[in-house]
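Peer 1: this is a predicted model, with the sequence first.
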Amino acid sequence: MKNLTVLLTLMALNTGGAETHVVSLARQLKKEGINVLVASRGGELVKELNASGIEHFTMPLHSKMPGSLFSSIIGLTKLVKKYKVDLIHAHARIPAWVSQWVFYITGCPYITTSHGIYSTNWGLGLLTAWGEKIIAVSEDVREHLVKNFKVRPEKIYVIPNGIDLEQFDPGVDTSSVQKELGLSSDEMKIVYISRLMGARGEIALKLIDAMPDICSSFPNAKLIVVGEGDKLEAIRGQAEKCNTVLKGRRVIVTGARLDTYALMGLADVAVGVGRVALEAMAMKKPVIIAGEAGFMGILTPQNFEDAKKHNFSGRGTGQITDSMNLGAAIKRLLASPDLRKELGEFGRKQVEDQFSIDSMTKKVVEVYTKVLEEVN
């Protein structure tokens, strides 16, 4: 696949699961000898691409406004022609829709990755395009595409997002971030990393609500909330109130960070969904699956396959995430160092065996190869 040029498109490069995946995928594709370009609105993660020698092009791929769509179509068309792009790989609806028009203009084939369960409402349906092949990040996403978007099953490949096992290394040095946040080694640290928007931001608020109960059993417990979004100020306000009630700095809200691997390295217990859950597993951390789609609780060997089917999202559990079940799960893990160690070892092995960025990228390249063989 040498001399192949691939253009990855996404809405933006702010911190988030799909965005972090695109950065990891771009780096790994480059290691495989593929020429990689990335286009998006931009964001904090652009510097991660630049540090790896991958060129990023800023376009309004986040916007449905007609002027922005037209500008993105023109911009991507110019990129495809100038750099002789062989294939476009889109990672959200708007970039996929734009890529479809670039295909009509240039003949450059495109594929998409579906990172979640997309809405089927009429308005968004007009902006839905899938390309020659579709990568679904989990089995239930594949089922959703077939059932609700009538996508032919043979077009879909289930490839979970991969984790960089070198970056998310359990042996990472956390001393500098521990010092920065004023933490001590004897404190029990609960880490929640997420995009703090909408319903997912509400999970952080519920975690904060659970802290008085958690601290009544574990007075040295601290909650670290990492991320950005429209709920950030509300979360900071709630954290301040909680700290006042508990008469100490029990909740720390960091805002957006690029060193999430170091922050996860601090955790005694990790709370999260999707890619964050996998990153925590890679770091040998016990994980509580708690999201806006549902509450699975502590990830164990017994519920692992169900969690995997639903992309570690909490979908399909029939339970909602609330402060009571969060608190109970956290206290169970904090009470048992042996259980935390056992689940951490289990999680790392699963990521090594099934979710490494190296093996996932090889599967993605196989999809690229199929598409190019079919169109040529």
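Peer 2: Great, that's in hand.
Peer 1: any regions of this protein where pLDDT drops low?
Peer 2: Residue ranges of the chain with pLDDT under 70: 1-2, 120-127.
Peer 1: mind doing that once more with 80?
Peer 2: 1-2, 15-16, 118-128, 376 (pLDDT under 80).
Peer 1: the residue of it positioned farthest from its centre and residue 323: what is the separation?
Peer 2: Relative to the centre of the chain, the most outlying C-alpha is that of residue 247, 34.3 Å out, by C-alpha atoms, centre = their mean. Per C-beta to C-beta, to the nearest Å, residue 247 is found 20 Å from residue 323. Where you see a C-beta, it was placed from the backbone N, CA and C, and this is true even at glycine.
Peer 1: next, residue 321: secondary structure please.
Peer 2: coil (DSSP: H, G, I helix; E, B strand; the rest coil).
Peer 1: right, and it touches residue 294 too?
Peer 2: Yes: if you go by C-beta atoms under 8 Å, residue 321 and residue 294 touch, sitting 7.1 Å apart.
Peer 1: looking at those two, which one has more neighbours?
Peer 2: residue 321 (26 against 18; other C-beta atoms under 10 Å).
Peer 1: for the more buried one, give its distance to residue 192.
Peer 2: Per C-beta to C-beta, residue 321 is found 11 Å from residue 192.
Peer 1: if I look at those two, which residues touch both of them?
Peer 2: Shared contacts of residue 321 and residue 192, defined by C-beta atoms under 8 Å, 6 or more residues apart in numbering, comprise residue 203.
Peer 1: the strands in the stretch 101-250 of the chain, which residues?
Peer 2: Applying DSSP state E, counting those that start in this stretch to the stretch 101-250 of the chain gives strands spanning 110-114, 134-136, 156-158, 188-193, 221-226.
Peer 1: redo the ones you listed as a markdown table? Include distance to residue 174.
Peer 2: Below are the strands of the stretch 101-250 of the chain laid out as a markdown table (distance: least, C-beta to C-beta, whole Å):
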| stretch | distance to residue 174 |
| --- | --- |
| strand 110-114 | 31 |
| strand 134-136 | 33 |
| strand 156-158 | 34 |
| strand 188-193 | 10 |
| strand 221-226 | 11 |
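Peer 1: so for residue 25, which of these sits nearest?
Peer 2: Distance to residue 25, taken as C-beta to C-beta, is lowest for strand 110-114 among the strands of the stretch 101-250 of the chain, at 8.9 Å.
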